[in-house]
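> From the sequence below, what's the structure:
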Amino acid sequence: MPTESYRDIRLPAAERAELLLAEMTVDEKCAQITGVWPWQLVRADGTDAEETEEVLRRAPGHVAGLSGDDPARVARVAGAIQRQYVTRTRLGIPALIHQEALNGFVTGGHMVFPTAIGLAATFSPDLVEQMAELTRWQMRRLGYRQALSPVMDVALDPRWGRVHESYGEDPYLCAAFGVAYTRGLQGDDLAKGVIATAKHFLGYSHPVGGLNLSAYEGGARQIRDLFAYPFEAAIRLAGLKSVMNSYADVDGVPAGVSREVLTGLLRDTLGFDGFVSSDYTTLEHVVSRQRAASTPGEAARLGIAAGLDVELPGPYGYGSALVEEVRRGTVAERDVDVCVRRVLRAKFELGLFENPYPHEHIDVTEVADEGGELSRRLARRSVVLVKNDGVLPVAPRERTIAVLGPHADAVSLQFPTYTYPALRDMGNAMTRGEMVNMVGAAQAQTDWHEAMVSTVDADTFARELYGARSLHEEVAEFAPVVLVEQGCTLTRSLGPDVLERAVDAARRSDVVVLALGGASLWFNGERTEGEGSDSADIALPAAQTELAEAVAATGKPLVVVLVQGRAYALPRVVRDAAAIVVASYGGPSGPQAIAEVLFGAVNPSGKLPYSVPRHAGQIPVYHHQKAGTGHRNPLPPGSSRLYLDMAATPLYPFGHGLSYTGFSLRDLDHDTRIGTEGVAEIGATITNTGRAAGATVVQLYVRVNTFDGVTRPAQQLAGFVRVELAPGEFRRVTFRLAAAQLGYTNAARDFAVEPGWVGFFLGLDSDDRRLEGSFEVVGKQRVLMSEERSFFSETTITRI
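Have a look, this model is predicted:
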């Protein structure tokens, strides 16, 4: 019989975990580090499933995929599962229930916020921290204690379909949002928090050919200095408690079974002390796709040795296969104990043993309203005005507006993968037999889904639950006459008659709003982006270009709205439009935010979190390319540009975004010399020079020149601050940049701050060098341990 000494709440979590570990059998240990689907434990009404008794004999430590339309019902099911664990298993260890929460809690009845790339466009980590704080309380209320979010991948390749889940192309920006999200979700006390799971470690967003799941081909410096940066910042500044491995190979070894990645880099170098959660079916991938192991047991041996603590969503290599490996002596039980210990400690830190159950009462109406204003605020800040020849904001005299294109009347397209509407849409498609299950769930999922999820179509669901409306409906709030025509789908022509109707509407209008772009779905439906939905050609689909050309031929003022989660290469007809607005998948308030910007109710302040290329052949074209690489190369002799056929620079650079007012930067003041342990102050005055109140983002970029034999980025984002100003108002913006923020992997492979010369510029985007300066870093080389790093500059805004 267990002594239950581990239940003593006076003991530290680590000691309680050790005591509980000593009580566990090998079977219980190997089950604790894997998961189970909820329908294997309970039916939708909370009664036992057919497999309940068999599952509870080993009691997997984690529950995956619990969701449904009704949050009160979901909470009841979560409670039923926990009662099974607490009252019907030998040791009464509660389950750790997880769910996605990238931009809101992915289960029914909860607010959806703009997708992550839209959040990044706000340059407002403080608001994302508020979003994550709300998500924390929502998840805890329903009994969830782990979120499989945020995505900290640095997305350099727009061919990859998951760019919209990321915070963009810049490691500093990704780190700023990753830290904010982690702080908001976990809180100051994990007993009142939810575990954040940063993903995907490592290099997942830079796959060969832009194809999802493909190998990452890059060197150790790029891994450490670029792709690991957001993870390390979240570990050091926010106490990140879980990391999810990448599906990619890293230097020829699948990340999920790479000890070099999961132990050498993540733990020994970056200082991570939480648990690693496998991306779903990682060990199956190792056997069936990557062919790095031949059997589940062999994959399990590799995973345990690497430091893969938990296999999700269910047992393949861990569970019974791992038990057999332990009994055969091919895996040492003490090595399994390392993984189990990490999971148990987290459960004790969460207070899960003392408080395993959801709230008893869930007010569905109250839950649905939570976060609505914050979602609208984020959506408004996420809209980026990239071009304006004076047509925007639309003048009141423009009475008839034609809203045309595949996004003119769409509602559900504002809800991409990793939002609940997209999840239920995929589930409904699966139950209709339109697709196979991509994550290996049992057949019982069909009965569960039909009980937990209604058959209401995606647009109706979004309208009824979130009050979402289409762009043309939102435009109608400002314009007396609105003409709407689809013209084409995202990727297909609808024929000459449909095209002609759109052209006729354009002729009858004063201004045309052409709503183009993409869509992200989960393996189902017409889409241009999403998980497993990558593109060799990132050009705007031909059907949309055909529509744009036909409409532009009418000669009416053309405003192009691009609803997208990644950069598209834009045809000339779009580039030549009078105005271009870029918006993300903004959730329920996305179309409202766009309309408010179009008509001047909101002054746009969003900034591009990625560079927009002129052509797919430029990829990659991110702003922080190394000196002497890509568009950072010098011109060939006798040439006026790097490519023969076009400029090598982006069409629109990272950080770009216009306003309906103007801003000036002046009065640069800065230190000229600091030590390798010092701090450089850089300041300037930002002034609103126009007639409207507005906000912009002052951005600091540096170039570190150390001449030790290592090529460094031509420029790096080193700080940013959003400033709101009334007409004529000005503020002094100061950045305090620590030398420890300038560290990198040097020629000797030490992570160090080297003496040298640092050039910098302040501007409103990554190509805006309106104020430039430099300072010298002097003294001895300073080798940095991870805990000695500085990740962000400090910023202050003062009246003068």
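
> average model confidence for the helix or strand containing residue 423?
Assigned by DSSP states H and E, residue 423 belongs to helix 420-431. In this model, helix 420-431 carries a mean pLDDT of 87.

> Is residue 513 in contact with residue 471, as I believe?
Yes. The criterion here is C-beta atoms under 8 Å, and residue 513 meets it with residue 471 at 7.4 Å. C-beta here means a position set from N, CA and C on the backbone, and glycine is covered the same way.

> Name the residues contacting each of the two.
403, 408, 561 (C-beta atoms under 8 Å, 6 or more residues apart in numbering).

> Weed out the non-buried ones from these.
403, 408, 561 (16 or more other C-beta atoms under 10 Å).

> Columns pLDDT, secondary structure and distance to residue 618 on top of these, output as a markdown table?
Shown next, in a markdown table, are these (pLDDT from 0 to 100; DSSP: H, G, I helix; E, B strand; the rest coil; distance: C-beta to C-beta, whole Å):
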| residue | pLDDT | secondary structure | distance to residue 618 |
| --- | --- | --- | --- |
| 403 | 98 | strand | 32 |
| 408 | 98 | coil | 30 |
| 561 | 98 | strand | 24 |
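
> quick one, domains of the chain?
5-363, 372-610, 663-798 (automatic domain parsing).

> helix or strand for residue 776, which one?
strand 771-778.

> Could I get the buried residue list for that strand?
771, 773, 775, 777.

> check contacts around the third one.
Remark: with contacts taken as C-beta under 8 Å, 6+ apart, residue 775 is in contact with 670, 671, 672, 673, 674, 680, 757, 758, 760.

> quick one: pLDDT of it?
Residue 775 is given a pLDDT of 98.

> partners of it in the sheet?
residue 758 (DSSP bridges).

> so how far is residue 798 from it?
21 Å (C-beta to C-beta, to the nearest Å).

> just the first one next, same as before
Distance of residue 771 to residue 798, given as C-beta to C-beta: 17 Å.

> and the angle for the biggest strand by length in the chain with strand 771-778?
For the chain, the strand with the greatest residue count under DSSP state E is strand 694-705. Orientation check (axes from the mean of the first three to the mean of the last three C-alpha atoms, to 10 degrees): strand 694-705 against strand 771-778 gives 40 degrees.

> Give the buried residues for strand 694-705.
Within strand 694-705, judged by 16+ other C-beta under 10 Å, the buried ones are 694, 695, 696, 697, 698, 699, 700, 701, 702, 703, 704.

> what ranges of this protein fall below the confidence cut-off?
Scanning the chain for pLDDT under 70 picks out 1, 435-443.

> Using JSON lines, lay out the buried residues of strand 694-705 together with distance to residue 346.
Formatted as JSON lines, the buried residues of strand 694-705 follow (distance: C-beta to C-beta, whole Å):
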{"residue": "694", "distance to residue 346": "45"}
{"residue": "695", "distance to residue 346": "39"}
{"residue": "696", "distance to residue 346": "41"}
{"residue": "697", "distance to residue 346": "36"}
{"residue": "698", "distance to residue 346": "39"}
{"residue": "699", "distance to residue 346": "37"}
{"residue": "700", "distance to residue 346": "37"}
{"residue": "701", "distance to residue 346": "39"}
{"residue": "702", "distance to residue 346": "38"}
{"residue": "703", "distance to residue 346": "41"}
{"residue": "704", "distance to residue 346": "38"}
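
> And those, which two are furthest apart?
Using C-beta to C-beta, the two most remote members of the buried residues of strand 694-705 are 694 and 704, lying 32.6 Å apart.

> circling back to that earlier point, can you convert the buried ones among the shared contacts of residue 513 and residue 471 into a markdown table and add a column each for distance to residue 446?
A markdown table is the format used below for these (distance: C-beta to C-beta, whole Å):
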| residue | distance to residue 446 |
| --- | --- |
| 403 | 39 |
| 408 | 35 |
| 561 | 39 |
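
> Tell me the one of those residues nearest residue 293?
Taking these together and measuring to residue 293 by C-beta to C-beta, the closest member is residue 561, at 48.3 Å.

> how deep is residue 748 tucked in, by neighbour count?
11 (other C-beta atoms under 10 Å).

> what's it sitting at in phi/psi?
Backbone torsions of residue 748, given as degrees, to the nearest 10, read phi -80, psi 0.

> any idea how far residue 103 is from it?
From residue 748 to residue 103 the distance is 42 Å (C-beta to C-beta).

> Can you give me the distance of the closest residue to residue 605 other than its chain neighbours to residue 659?
Distance criterion C-beta to C-beta, 6 or more residues apart in numbering; nearest residue to residue 605, sequence neighbours excluded, is residue 695 at 4.0 Å. In this view, residue 695 and residue 659 are 8 Å apart by C-beta to C-beta.

> Also residue 289?
47 Å.

> Those two: who's more crowded?
Between residue 289 and residue 659, residue 659 has the larger neighbour count (other C-beta under 10 Å), namely 20 against 12.

> Does that one touch residue 606 like I think?
No. Residue 659 lies out of contact with residue 606 (C-beta under 8 Å); the separation is 9.8 Å.

> any shared contact partners between these two?
residue 385.

> returning to what we had before: which residues are in contact with both of residue 695 and residue 659?
Joint contacts of residue 695 and residue 659 (C-beta under 8 Å, 6+ apart) are 603, 605.

> residues in contact with stretch 349-357?
7, 9, 13, 78-79, 82-83, 85-86, 93-94, 96, 143, 145, 190-193, 195, 241, 347.

> that older thread, elements contacting the helix or strand following the helix holding residue 423?
Following helix 420-431 in sequence order, the next helix or strand is helix 445-452 (DSSP H and E). Applying 3 or more C-beta pairs under 8 Å, 6 or more residues apart in numbering; DSSP states H and E, we find helix 445-452 packed against helix 420-431.

> starting at the chain centroid, how far to the helix it packs on?
In this view, helix 420-431 has its centroid 20 Å away from the chain centroid, taken as C-alpha atoms, centre = their mean, to the nearest Å.

> Ok, stretch 766-776 next?
Worked out by C-alpha atoms, centre = their mean, stretch 766-776 lies 29 Å from the chain centre.
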